[in-house]
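>>> Prediction below, plus the sequence it came from.
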Amino acid sequence: MTTLADPSAEPRATADLIARRVPGYSLEAPFYTSPELFDLDLSAVFARSWLFAALDAEIPEPGDYTTVDVGPYSVILVRDDDEVVRALHNVCRHRGSRLLNDPAGSVGNIVCGYHQWTYATDGSLLHAGQQRPEFCKSDLGLKPVHVREVSGLIFISLAEQPPADFDDVAARITPYLVPHQLRRTKVAARVDIIEEANWKLVMENNRECYHCDAGHPELICTFFPTYGYPEDEIPARLRPAHERYRQAEAELEARCTERGMPFAPIEELDNRPSGFRIQREALDAAGESYTLDGKVASTRLLGDFDHARLGRLSLHIQPNAWFHFLSDHAVTFSVVPLAPDRTLVRSTWLVHEDAVEGVDYDLDTLTHVWRKTNEQDSVFCARVQAGVSNPAYVPGPYAPSEYQVEAFCAWYVDRLKEYQGLD
Amino acid sequence: MTTLADPSAEPRATADLIARRVPGYSLEAPFYTSPELFDLDLSAVFARSWLFAALDAEIPEPGDYTTVDVGPYSVILVRDDDEVVRALHNVCRHRGSRLLNDPAGSVGNIVCGYHQWTYATDGSLLHAGQQRPEFCKSDLGLKPVHVREVSGLIFISLAEQPPADFDDVAARITPYLVPHQLRRTKVAARVDIIEEANWKLVMENNRECYHCDAGHPELICTFFPTYGYPEDEIPARLRPAHERYRQAEAELEARCTERGMPFAPIEELDNRPSGFRIQREALDAAGESYTLDGKVASTRLLGDFDHARLGRLSLHIQPNAWFHFLSDHAVTFSVVPLAPDRTLVRSTWLVHEDAVEGVDYDLDTLTHVWRKTNEQDSVFCARVQAGVSNPAYVPGPYAPSEYQVEAFCAWYVDRLKEYQGLD
Amino acid sequence: MTTLADPSAEPRATADLIARRVPGYSLEAPFYTSPELFDLDLSAVFARSWLFAALDAEIPEPGDYTTVDVGPYSVILVRDDDEVVRALHNVCRHRGSRLLNDPAGSVGNIVCGYHQWTYATDGSLLHAGQQRPEFCKSDLGLKPVHVREVSGLIFISLAEQPPADFDDVAARITPYLVPHQLRRTKVAARVDIIEEANWKLVMENNRECYHCDAGHPELICTFFPTYGYPEDEIPARLRPAHERYRQAEAELEARCTERGMPFAPIEELDNRPSGFRIQREALDAAGESYTLDGKVASTRLLGDFDHARLGRLSLHIQPNAWFHFLSDHAVTFSVVPLAPDRTLVRSTWLVHEDAVEGVDYDLDTLTHVWRKTNEQDSVFCARVQAGVSNPAYVPGPYAPSEYQVEAFCAWYVDRLKEYQGLD
């Protein structure tokens, strides 16, 4: 698990699996169970894409840092003295000690606890004790990692040449994000759960709401369970919800247009390296936020919002993140593969930086819906992992409402092809 | 562990191991320790043989089900509306979710908790939400597993073509089993233990009583420790026990003959795919049951028995089960490989369906001897696992009293040869 | 982990790694993380070298035994009736059961708990129940392991042909060890800790004191942190300590010379199979022992010492042991690989056999400095393991004060070359 896959290793078996993939059907079992494919995913997907890693609000001051693990990688995100966020590999250049061992904190310089090698927050080596004459500090700075900040969201890429199309993605999502002013938020809560499933099953589960109506009683208080359904495929039992949805959508569009907030959905999930999807959609019930009654969870609205009923701005980015931005809070999700059958799901709730817990918001109310939803999804994903590990499993057909699952799989298989030079 | 062995993988190393096997000696270490051999065992033995899986008495009513795991497989055993037992792979045909996640229960239909795909108890797909026009329900029923019920014992085979000789085995053991009327029993107790040893060490341990005299103080209160010893190889210290055994055997044979119960032992452990052995033998002490004093543990005898002193009817079936049927109860054992060095041993005690706990039987008395015996064997097997994992281990010679261990190994090696096309 | 590496397996990849090794730099990541290299280390290093295994004082009487695990091996060290220490593989010759399952004890004969095969303490098979006529006891004795006792230290070699140069090492270190009279000691304390790091990181950590000044506050109360620094490379902050060291050294040399105790250091760490280093050095503070104030921890001095201020006699032996012998106690350390990223570190404190706990010594005072030091090192090593597992890790340069780390790595790589026939 600690060495990344050699693209030349077992290329034939993997190439066969990739070539055999039938669009519209779930993936074959080895994609979810094989250690070799897991290593390949780390190399071909996680070490090459742009990944959502952290929030601007987590490291507001110079010297503030957070460490982010991605498979065997550990990356330091630190705000430098010039207030720019730097990303550095969390490995001492002496004998390899991990440098920062807490999930977050604040530093002047980055000092290795082992032999006190000392690095500036830009990664340059400042001190390293007594060394031989040929010792060259400038050769031994911390290795940098590509980093981008987009309206308060911090993305990293472990690639030497990150996907160039991310500039375009950043430019296009920024107008949607700006009104929520994430840089003026703070982290109200964070929950890490470890799901007993391959990371792709976690993502696939996120990309459809076919299971919401029966599976997520709290979520569907406000989340219209018709998500993903083509207009003419809505099941009869969801028709009443759909009628409410259409009415709420019309109202929401008018409200956004009035405020100059972009409303048109963009969906480019599987036709580019930095696949994404952004859409503002109405919420059910009171229509304000992800709570059981749909009312705001924080009375201190984000940014300069003058109205609470702004629905949810939902953003999906391949390979491993999704986000919901509301009038009163935002909640971000990232997925980190830990093993073929274990995945970290990190959820972070943001509120206005001036919101006061117990006064403006109640923590349990704020987090209730998505904590429950994550727990329910965790059970679903573990059962799928158990099932696809069964030799009797064969890929089954996706329903029309699962077209975004298909888009995820198609995007994923394209990444493997690209990595293996098969396209 | 989740993908079964490719018979073409590393065929030479395994073929060499198989070819090198010296009859009369324990197996070489890789048979007990190697992950490749473990996968091969699942493919060549467990996915091809008939396996004892459950008891008729566990699922008496239509809709009653139990789930049985065999390596990466999970099988649903469910009594259909026509009272016939069906065996189905426990994997949804949509995206592979495990369907039934409890060890046992009762259902009308089998409904996947993820997207509500709904199957009848015969496996046919009844509902699957909104789908594309080309969606074909009849192609997407649950995959069946071969299943046989023999006098209240349920056997499954994961093979496409199960061994044909099982018909003969079923026909020959049925007359021995019938008088115990297992269909009129109920499960009084079940104990699952996980032994830290390869499944074959667990089986080998079961197939000799060379270790009983010193190792199983409770068992040898009634189990003659001369089991497996040829007449002229009985050690001097076991001679008195053997004299009692001969006398008790003579009495038992007379009692069975009088009642028309078959008495002749059958032993075909290593000369057929469905190797087995059945024998009725006398018990020591009071001679009635597996208790410390040999008296019955349940005063409500099985079936229509009119006499408690019927010894033990013992059945061994390759690869993974053994059974003892007594006048007052039955106890069944099955072994499921979990990892090269971990094995599940499941023990189930059956009493007459009308026996009342606390009145007709005491649960601790009923289960005491075999609980203790299993715990003692678990220690023995773990020590052998530790020892054969030591590079200093070399196969050692079986004693004459271990001829059934040799028969197990010979049967096992024949299965590997057959699977690899080496015979 | 249970089968030793085939030297012919993946020889090219390993040979490339070995050939690529740059002297003066830490090893490449696979040496610390790869299961294949771990198996190779067991075969090429641990199954071929002489290893420090136990102390004479642990098994003082005939029949006393201790069991020592080295990777998948388990070895019985037992004092035979002739008072000689025997080493035997802890595997029954019947079906492979581990024989002695406690870490230490006392036996008459060695009896297998499974089928009562009975061996004398010299390993010969005495009884084995009823067997076939061709059964030959003399072929089935316990397999012997090479064993050497050197002034109270017991060494074993799992090799068929142990390194011949150990005779020379034994002869040369004996005069240094004799005055401490380890055979007249007893074990006062033993602490086993499991470090989350490759065994070589544990050894490398032990072979330099570059990290002591900041990392080991208790140790540097008496241990001069200039250990390993060439005279002209002492950092400015350590100059005062070094001045005290020079003065204490001069006094110590005079005291030893007066008593006929050898004083010249010997350092042959990387130019022979049984690499070693021995040196008597002054301690700081009171200069007597490893305590916070440098005073003796046991008032009952070892052997016939008439003076407490004898510094520390330190012995390092490749691949896995180090020792400190003081006037009042000795402390020994051995390292056993458990997995690529897990290592057992065993520390044992010895005091005079007549010393009385609570009277002559306090257990917490005796063990305090090295317990703390081990715990601190355990954190350092785990952080290095995490760091070298990061794909961003590249080998870094050793400082001059880390020349013994380089010597360890050079010795280690020579062992691999020797094993693979590359030298």
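Arrived safely, thanks for sending.

>>> Please enumerate the strands of the stretch 251-400 of chain A.
A:266-268, A:276-281, A:312-317, A:321-325, A:330-339, A:342-352 (DSSP state E, counting those that start in this stretch).

>>> Out of those strands, which gets nearest to B:Glu208?
strand A:330-339 (40.0 Å; Cβ to Cβ). In this view, the C-beta of every residue, glycine as well, is placed from N, C-alpha and C.

>>> Show me chain A divided up by domain.
A:56-149, A:167-410 (automatic domain parsing).

>>> C-terminal to the host helix or strand of A:Ala171, what's the next element?
Element membership of A:Ala171, judged by DSSP states H and E, is helix A:166-177. Following helix A:166-177 in sequence order, the next helix or strand is strand A:185-195 (DSSP H and E).

>>> got the angle between the helix or strand just after that following strand and strand A:330-339?
The helix or strand immediately downstream of strand A:185-195 is helix A:199-206, counting by DSSP H and E. Relative orientation of helix A:199-206 and strand A:330-339, computed by axes from the mean of the first three to the mean of the last three Cα atoms, to 10 degrees: 150 degrees.

>>> could you check whether the helix or strand immediately after helix A:199-206 in the chain is close to chain B?
Counting by DSSP H and E, the next helix or strand C-terminal to helix A:199-206 is helix A:212-215. Yes. Applying Cβ under 8 Å from any Cβ of the partner chain, one finds that helix A:212-215 is in contact with chain B at A:Ala214, A:Gly215.

>>> And A:Val379, how close does it get to B:Gly123?
Distance, A:Val379 to B:Gly123, by Cβ to Cβ, to the nearest Å: 24 Å.

>>> Which of the two has more residues huddled nearby?
B:Gly123 (20 against 16; other Cβ atoms under 10 Å in any protein chain shown).

>>> nearest residue to the more buried one other than its sequence neighbours?
Leaving aside its sequence neighbours, B:Gly123 sits nearest to B:Leu142 (Cβ to Cβ, 6 or more residues apart in numbering or on different chains; 3.7 Å).

>>> Next, count neighbours for that neighbour.
Counted with other Cβ under 10 Å, B:Leu142 comes out at 26.

>>> circling back: which secondary structure elements does the helix holding A:Ala171 contact?
Packing partners of helix A:166-177 (3 or more Cβ pairs under 8 Å, 6 or more residues apart in numbering or on different chains; DSSP states H and E): strand A:146-150, strand A:153-157, strand A:276-281, strand A:312-317.

>>> how far away is A:Ser74 from C:Arg383?
Note on A:Ser74: its distance to C:Arg383, by Cβ to Cβ, is 11 Å.

>>> what's the answer for A:Ala29, then?
As judged by Cβ to Cβ, A:Ala29 and C:Arg383 stand 37 Å apart.

>>> now A:Arg132
As for A:Arg132, its distance to C:Arg383 is 24 Å (criterion: Cβ to Cβ).

>>> The two: which has the busier surroundings?
Per other Cβ under 10 Å, whichever of A:Arg132 and C:Arg383 has more neighbours is C:Arg383, with 23 against 12.

>>> Which pLDDT does the model give that one?
At C:Arg383, the pLDDT value in this model is 98.

>>> residue farthest from the centroid of chain A?
Here chain A reaches farthest from its C-alpha mean at A:Pro133, the gap being 46.2 Å by Cα atoms, centre = their mean.

>>> re earlier: among the domains of chain A, which comes closest to C:Phe46?
domain A:56-149 (22.8 Å).

>>> can you give me how far the closest one is from the chain middle?
With Cα atoms, centre = their mean, to the nearest Å as the basis, domain A:56-149 stands 24 Å off its chain's centre.
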